[in-house]
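Participant: A structural model of the following input is requested.
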Amino acid sequence: SSKRAGSYEDWGGDSKWGKCQPTVKPFPIPGTAEYMANGGHVKDNLDYILYAAANRSLDRTIATLGSDFFAKELSLHRLLQHLVNVECVDQAQFPCTKQGKINPETDCYYQDCGCGRPCVDRVLQRERNQMGLA
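Facilitator: Prediction:
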């Protein structure tokens, strides 16, 4: 993501606004650690219910596919993720340059999401070819 690769992001959500701003580094918010430690975030947040349901569904899918098959596919997925991270982070055209200027040549799907698709496509095609899947 642009938060990992650069030091500027497009505030306002659209490069046409011309507002590249320095990426804000995370900082502690008073009371957050206590709130997280006492479990309040779980009972107050329906995302945790959705997460638990998705995990149960994934566990059933893995059981249906077989754990060996799933482990092999997960390993391949992680390898491809690693290759894309290594090869594409410097090639992605983020909405903001490292100098804080709007980049009119952005290759992101939307805002700063899904950047670097041409490189990702090249890496995946190369790997498909090497595996004889093309």
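Participant: can you give me the helices for the chain?
Facilitator: 2-5, 32-37, 40-43, 47-65, 67-88, 117-131 (DSSP state H).
Participant: List phi and psi for Phe27.
Facilitator: The phi/psi pair for Phe27 (degrees, to the nearest 10) reads phi -140, psi 150.
Participant: coming back round to it: out of the helices of the chain, which is closest to Thr23?
Facilitator: helix 2-5 (5.6 Å; CB to CB). No exception for glycine: its C-beta is placed from N, CA and C like everyone else's.
Participant: what is the rounded mean pLDDT of that closest one?
Facilitator: Helix 2-5 shows an average pLDDT of 52 in the prediction.
Participant: do the same with stretch 59-70
Facilitator: If you average the pLDDT values across stretch 59-70, you get 97.
Participant: Can you give me the end-to-end span of that stretch?
Facilitator: Distance across stretch 59-70, first residue to last, is 11 Å (CA to CA, to the nearest Å).
Participant: looking at the helices of the chain, which is closest to Tyr109?
Facilitator: Short answer: helix 117-131, nearest of the helices of the chain by CB to CB, at 7.2 Å.
Participant: buried sites along the closest one?
Facilitator: Neighbour counts over helix 117-131 (16 or more other CB atoms under 10 Å) mark 119-120, 123, 127 as buried.
Participant: confidence score at the residue in the chain sticking out farthest from the centre?
Facilitator: For the chain, the residue at maximal distance from the C-alpha centroid (CA atoms, centre = their mean) is Asn38, at 28.8 Å. As predicted, Asn38 sits at a pLDDT of 81.
Participant: I'm done for today, thanks for sticking with me.
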